[in-house]
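Here you go, sequence then predicted model.
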Amino acid sequence: MAKAYTPGLKVTASARYQARRVLPISGEVLVRRGDIVEARTSVARTFLEGDATPMKVANMLGCNPKELPSLMLVAIGSAVREGDTIARSKGIFGMMKTEVKCTSSGVIESVSDTTGMVIVRGAQIPVEVRAYIDGIVAEVLAGEGVVVENTVALVQGIFGIGGETAGILRCVCSSPVEPLEESHITSVHQGAIVVGGARASAAAIRKARAVGAVAIISGGIDDQDLRDFLGYDLGVAITGSEKTGLTVIVTEGFGDIAMATRTFELLRSHEGHCASVNGATQIRAGVMRPEVVVPLSAKPALSTTTSEAIVGSATAGYLEIGTFVRVIRDPYFGLLGSVAALPEQPAVLDSGSKARVLEVKLEDGRVVTVPRANVELIES
Amino acid sequence: MSQQPSHVSDPSRIKVIVATDCGSTTTKAILIEEIDGVYRQTFRGEAPTTVEEPFADVTMGVVNSVTELQELSGRRLIADDGTIIRRSSPAQSDGADIYISTSSAGGGLQMMVAGVVRQMTAESAKRAALGAGAIVMDTIASNDSRRPHEQIQRIRELRPDMILLSGGTDGGDSKKVVELAELIAPAKPRPRFGNEYEMPLIYAGNKEAAPLVAKVFDGRGFDLSIVPNLRPTLEYENLGPARDRIHDVFLEHVMAHAPGYDKLMTWADAPIMPTPGAVGDILQTIAKGRGINAVGVDIGGATTDVFSVFDGTFNRTVSANLGMSYSISNVCAEATMPMVLRWVHLAGMDERELRNRVKNKMIRPTTIPQSLEALVFEQAVAREALRLAYVQHKEFATTLKGVQQQRTVGDAFSQQESGKSVVDSMRLDLLVASGGVLSHAPRMEQTAMMLIDSFEPEGFTELAKDSIFMMPHLGVLASVHPKAAMEVFERDCLILLGTCIAAKGASKAGKPCFSYRIEGSGIRETGSLSGGELKLLPLPGGAVAEATVTPERGFDLGAGPGKPITRTVRGGTVGIILDARGRSLRLPEDRDQCRRAMESWVHTLRLYA
């Protein structure tokens, strides 16, 4: 039977999920293997070196850099506070001395007799890593972090903005084709993950932020609305660090597009459940898609067998006759169907290009031909 | 480190060559064989690159792509132990004589550069890094308008593969470059791959400041190497030693820490080169060999690389966020949608809908245009990406800035100054295209017009495209066997599209621009063009003809305004394109007028026939 390898997004009711939670540099792990943790539990901690503040002290004193070490009032390694006098010139006959006050608090790290520069190192910056999902600590990575594990329902979106957060899932649309509007969102959604159907309007996104919802999930979004929300036009799809106060996850794409029924029904089946979401998206090397993770067990056990597949960050599979797919480019963008045929020979497209194609039987009964590159799998 | 086996030292023994380019997504293998005394590229294979999880071993993708070569060629290339077979004598039917490779997998080589003065040493440092095939993440300079603590913060955020520090002329001021070192040292940037090894830092500044710089970095987590100053005097740029050291560090540190590269390096018979560095090398070899000025462009999903060689001076720029998929949205943002749409001849495109389509391409980068409308729009975006990348290139590829010049009163009026772009469209002889949107355009005419519209060549310019993107392979081959590289480049790599003859000057619709007479190889054409017109004269590949063109007053085709010029022109898959639209190219501002103009050009060139 004809087969073709093609990418797809994960939408699954139950899978073993591992969250690798590591510090940016070595530090201390705060939990042990087998500990039950919640999404907001701190699992590891470290301290980054503080900010370095350079001060051109020789210039400020009006002296030769070579003289600076002898004019310093504090030694290298000494703690200083903002406003402390750290250097003083000799003045003229002991009079009219110039003093330099420190511009930041910290420790004197270096004094250069070449440039006359003094570096003040600020206080260490604490960095904590949280568990991200409710689960069990499956592995401790000594000095680095942990792996948290649970059985979860998982939905990968196609695009998102904003970072990790957690809240209660609240489905506010009655069907996947119903657009998410401002009127769907009220003050009861404070702290919630609001799940819509089709395109989320700009007003709905603003309202969600205003009432204090932590995230919003919808089938589509309009590019103009995203620009208005962010305040700038997103040039490349590397997201996750936006400080918008709301994580936004789009499951299908840009424009008026309904959420896939399967995705909608899965999320709706977890109405009222606690979930973790992450809007971070990276389309280049090391593809990362936004995700909604709904832990299924409050007291998970450590997995003892390897029979349960561990979910990775990306998925892919084979196209076969009958496989459910979504068309991901115009002129049939967003339409769902099943593979009807996989012709071996390349075909000439309307654009004049030659490409390998497949035939898709759409939900409305039409059979259309599209390039194989323009479909993605919908996991059944 | 890779070795130099006897095969490499004796090029006459090299008859069969396997070359791979390990790209971010695909590893491309080619087989080159000597046939009847001439080197030809005979087979090509490709497979997904396997640098990332779950494979995390680049050699798997290499073996898969070479296995495809093996299947297509019938020559056994992969041994039972999974390595590439090297044959011991020409009589042996299996294996290759040498194996070579380039790599841009895992994001390629990423560098931070620093120099004292932004327009001088910092720019020279950037040129050295780009020329070596790096992506420059940021350029720190004493006068880059950021305050010192902001510079430190920026350096902390970056995770480069290595740092290049320059500053000061030899014997000049030491203080400023040491000051820069004192900003970098406390920032302690972490290398991209792993935390366990020290950050490589190459110092290529004032040689008298080298001991002071070494003192600053001593014991602070840097692996410092000192090379000769890349700007020993204001009037002289010496990039070679810094570039060579970048290549060495790339192999010793970056490659050695990327998954599977330790093994790949032992396989390769010549040092693995960063892909763009190899492309630059082959373009320089060709320009030198033919004594021409050349520009090459490679437009990818995320970036657009532009390479130029003018009068032997090589420059390369990477426009980091001008690409056709991952960064297509940025192209539209930078160029603006009206500028993109001026290249569209179809009516009724809805801007809101197009913006959503652009974003959908960004988030699903592997899709291809199915409808004609989608193709036309994508090629319109490509024109703007190429145009912007070329503008950036021309601004960067300049004569040295800060050079003192003795000037007379007459010079003051000629506006000649240091920092003038070395890229001269009138003296450009060859323009080479590569990258998906150019290489995979359904019709060669589309590729030719995308090049002409965005690069605006003047006078006589040959247009070509890299058939299957083998310039990287040939670049590294040129380092061990220049003759083989040159022969394959001429015979198999380039597909000549034809020659563009374009008049420089401000054209007006309907006003005479130039007349032409083209004779030879069965073609005999005479006529004239008015402002705003294009004409296509078929002249097949391999054919040459004599072209005499006489511009009207105010127009220049290479001999000066109003002066006739005769040149030999080469044909190609498209032919001779006569362009009387003027330079610089100005399209009508009114949308309908512009669309009608595009419609007539599309019709003349049979772009979408």
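Good, I have the coordinates. Residues are numbered from 1 along each chain as shown, chains lettered A, B, ... in the order given.

Would you map the helices across the stretch 251-380 of chain A?
Taking DSSP state H, counting those that start in this stretch as the test, the helices found in the stretch 251-380 of chain A are A:261-268.

what's the distance between whichever residue of the stretch 101-250 of chain A sits closest to chain B and residue B:426?
Proximity to chain B, evaluated over the stretch 101-250 of chain A using CB to the nearest CB, is greatest for residue A:235 at 3.0 Å. Every C-beta, even on glycine, is put in place using the N, C-alpha and C of the backbone. As judged by CB to CB, to the nearest Å, residue A:235 and residue B:426 stand 34 Å apart.

And for residue B:509?
Counting by CB to CB, the gap from residue B:509 to residue B:426 is 23 Å.

Equivalent analysis for residue A:201, please.
53 Å.

Dead centre of chain A: give me the residue that sits there.
The C-alpha lying nearest the average C-alpha coordinate of chain A belongs to residue A:280 (CA atoms, centre = their mean; 2.2 Å).

Isn't residue B:13 up against residue B:88?
No: using CB atoms under 8 Å, residue B:13 is not in contact with residue B:88; the gap is 10.5 Å.

More neighbours: the two, which one.
Per other CB atoms under 10 Å in any protein chain shown, whichever of residue B:13 and residue B:88 has more neighbours is residue B:13, with 13 against 10.

Quickly note the distance from the more buried one to chain A.
Residue B:13 sits at a distance of 38 Å from chain A (criterion: CB to the nearest CB, to the nearest Å).

swap in residue B:545?
Using CB to the nearest CB, we find residue B:545 at a distance of 29 Å from chain A.

Double-check that that residue belongs to a strand.
Yes: counting by DSSP: H, G, I helix; E, B strand; the rest coil, one finds residue B:545 located in a strand.

what number of residues lie near residue A:318?
The criterion is other CB under 10 Å. On that basis, residue A:318 has 12 neighbouring residues.

in the sheet, who's paired with it?
For residue A:318, the residues forming beta bridges with it (DSSP bridges) are residue A:5.

ok, back up a step: right, and the residue of the stretch 101-250 of chain A closest to chain B touches residue B:328 too?
No: using CB under 8 Å, residue A:235 is not in contact with residue B:328, being 9.2 Å away.

By mean pLDDT, flag the weakest helix or strand of chain B.
Scoring the helices and strands of chain B by mean pLDDT, DSSP states H and E places helix B:409-414 at the bottom, with a mean of 50.

Contact partners for residue 204?
You didn't pick a chain, so chain A it is. Applying CB atoms under 8 Å, 6 or more residues apart in numbering or on different chains, one finds that residue A:204 lies in contact with A:180, A:181, A:182, A:184, A:185, A:196, A:216.

Let me rephrase: I mean chain B.
With contacts taken as CB under 8 Å, 6+ apart, residue B:204 has the following neighbours: B:125, B:128, B:164-166, B:226-230, B:241-242, B:245.

Would you tell me which one of those comes nearest to residue A:70?
Within the set of the contacts of residue B:204, residue B:165 lies nearest residue A:70; the separation is 29.1 Å, counting by CB to CB.

Distance of the closest one relative to residue A:22?
Distance from residue B:165 to residue A:22, counting by CB to CB: 31 Å.

out of these two, which sits in the busier spot?
The residue with the greater number of neighbours, taking residue B:165 and residue A:22 and applying other CB under 10 Å, is residue B:165; the counts read 26 against 17.

Pairing partners for the more buried one in the sheet, please.
Bridge pairing for residue B:165 (DSSP bridges) gives the partners residue B:114, residue B:203.

What separation do you get for it and chain A?
Distance of residue B:165 to chain A, given as CB to the nearest CB: 14 Å.

What pLDDT is listed against that residue?
At residue B:165, the model reports a pLDDT of 97.

so who does it touch?
B:113-115, B:125, B:177, B:180-181, B:184, B:201-205, B:213.

ok, the closest residue to residue A:80 other than its chain neighbours - how many residues close by?
Nearest-residue entry for residue A:80: residue A:102, 4.7 Å, with adjacent residues in sequence omitted and distances by CB to CB, 6 or more residues apart in numbering or on different chains. In terms of burial, residue A:102 registers 21 neighbours under the definition other CB under 10 Å.

Check residue A:102 and give its pLDDT.
For residue A:102, the predicted pLDDT is 95.

swap in the one 5 residues further on?
Among the per-residue scores, residue A:107 holds a pLDDT of 95.

Over to residue A:334?
pLDDT, residue A:334: 84.

Wait, it touches residue A:325, no?
No: applying CB under 8 Å as the test, residue A:334 and residue A:325 come out as separate, 11.7 Å apart.

how is chain B carved up into domains?
As recorded under automatic domain parsing, the domains making up chain B are B:6-105, B:108-267, B:294-403+B:410-605.

What of chain A?
Chain A breaks down by automatic domain parsing into domains covering A:10-46+A:129-295, A:52-121, A:320-378.

With distance to residue B:526 as added columns, please give those domains in JSON lines.
Written out in JSON lines, the entries for the domains of chain A read as follows (distance: least, CB to CB, whole Å):
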{"stretch": "domain A:10-46+A:129-295", "distance to residue B:526": "49"}
{"stretch": "domain A:52-121", "distance to residue B:526": "71"}
{"stretch": "domain A:320-378", "distance to residue B:526": "33"}
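
among those domains, which is the most enclosed?
Using mean count of other CB atoms under 10 Å in any protein chain shown, the stretch among the domains of chain A with the largest mean neighbour count is domain A:10-46+A:129-295, at a mean of 20.

Spell out which parts of the stretch 101-250 of chain A neighbour chain B.
For the stretch 101-250 of chain A, the residues in contact with chain B (CB under 8 Å from any CB of the partner chain) are A:109-110, A:112, A:114-115, A:117, A:119, A:121, A:158-159, A:222-224, A:226, A:233-237.

For residue B:507, which residues are in contact?
Contacts were defined as CB under 8 Å, 6+ apart; by that measure residue B:507 touches B:513, B:531, B:532, B:555, B:580, B:581, B:582.

swap the cut-off to 10 Å and go again
For residue B:507, the contacting residues are B:513-514, B:529-533, B:552, B:554-555, B:579-583, B:585-586, taking CB atoms under 10 Å, 6 or more residues apart in numbering or on different chains as the criterion.
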